[in-house]
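**Q** Fold the following for me, if possible:
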Amino acid sequence: MHAAPTSRLSESGNVIVHDFRRSTAQPAPQVAGDHIAEVSTWFLKRIQAHPSTGHFSGGERTAPADPSGTAAFQIVLKQAAATASDARGSLAPWQARRIAAFIDAEIGTPLKVSQLAGLVRLSASYFQRAFRKTFGVAPHAYVLNRRVAAAQEQMLSSHTPLAQIALDCGFADQAHLCRVFRRATGYSPAHWRRSHLT
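**A** Below is the predicted model:
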């Protein structure tokens with residue numbers, strides 16, 4: 001027999017469910033993403049199994065609930081839906097990490113959207129939308145920003161000529177580096193290098 005779930009009210013008024021004594025045969029599912037339907041079913045069954053419970057106890061205050069637990073269920077479901085909505089359409093954390101690491105490792109080579117999308121098993125069109133939602137910029141803009149950052153690091157850590165730095169960081173030539181660098185920083189590479197080495 002399962003004990004009634006307990007919860008408390010947070011300062012913001014949200015019901016925080018924190019204790020379900022349950023059998024190992026029916027573990028609580030995680031409240032996230034694609035599991036909202038599973039969570040809702042599980043939660044309602046647990047609440048409705050104890051219709052005589054007039055309230056959720058715990059903490060300094062108690063949160064009244066109707067016998068079916070509908071009010072508490074609605075709160076949990078709404079919070080789960082909000083979390084899923086925020087994450088929907090973004091890259092998964094492992095995908096974002098893999099893409100960022102690959103770009104930095106291959107910064108000196110041409111990088112195509114189709115190549116990046118293939119790394120995380122997505123279509124190019126979906127990948128571009130998910131990438132922008134995750135990183136806040138389009139893939140091309142992100143790559144250019146990382147190329148500029150790599151060029152800045154080389155300028156400060158070596159005496160390598162700008163023409164070679166441009167090639168090392170994936171720019172077509174020094175003129176390309178200068179155009180992108182000035183757009184990103186407001187300074188030419190040579191001026192930025194001098195000002196940061198003195």
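
**Q** Could you pull out the strands in this structure for me?
**A** Under the criterion DSSP state E, the chain carries strands at the ranges 6-9, 15-19, 55-56, 63-64.

**Q** What's the mean pLDDT across the third one?
**A** For strand 55-56, the mean per-residue pLDDT is 42.

**Q** ok, now the last one?
**A** The pLDDT scores in strand 63-64 average 45.

**Q** ranges for the helices of this protein?
**A** In the chain, the segments counted as helices under DSSP state H are 36-48, 70-87, 93-105, 113-119, 124-135, 139-157, 162-168, 174-185, 189-197.

**Q** which helices and strands sit right next to the fifth one?
**A** What that stands for is helix 124-135. With contacts defined as 3 or more C-beta pairs under 8 Å, 6 or more residues apart in numbering; DSSP states H and E, helix 124-135 has these neighbours: helix 93-105, helix 113-119, helix 139-157. Every residue, glycine included, has its C-beta placed from N, CA and C.

**Q** give me that answer again for 10 Å
**A** Other elements packing on helix 124-135 under the criterion 3 or more C-beta pairs under 10 Å, 6 or more residues apart in numbering; DSSP states H and E are helix 70-87, helix 93-105, helix 113-119, helix 139-157.

**Q** Ok, the fourth one next?
**A** Applying 3+ C-beta pairs under 10 Å, 6+ apart, we find helix 113-119 packed against helix 93-105, helix 124-135, helix 139-157.

**Q** how about the ones you listed in a markdown table, adding distance to residue 193?
**A** Putting the helices and strands packed on helix 113-119 into a markdown table (distance: least, C-beta to C-beta, whole Å) gives the following:
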| stretch | distance to residue 193 |
| --- | --- |
| helix 93-105 | 21 |
| helix 124-135 | 27 |
| helix 139-157 | 4 |
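
**Q** mind giving me JSON lines with those helices and columns for mean neighbour count and mean pLDDT?
**A** Below are those laid out as JSON lines (neighbours: other C-beta atoms under 10 Å; pLDDT from 0 to 100):
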{"stretch": "helix 93-105", "mean neighbour count": "14", "mean pLDDT": "97"}
{"stretch": "helix 124-135", "mean neighbour count": "17", "mean pLDDT": "96"}
{"stretch": "helix 139-157", "mean neighbour count": "17", "mean pLDDT": "97"}
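
**Q** Of the ones you listed, which is nearest residue 179?
**A** Comparing the helices and strands packed on helix 113-119 by their distance to residue 179 (C-beta to C-beta), the top pick is helix 139-157, with 10.3 Å.

**Q** who does the closest one touch, helix- and strand-wise?
**A** Here helix 139-157 is seen to pack against helix 93-105, helix 113-119, helix 124-135, helix 162-168, helix 174-185, helix 189-197 when contacts are counted using 3+ C-beta pairs under 10 Å, 6+ apart.
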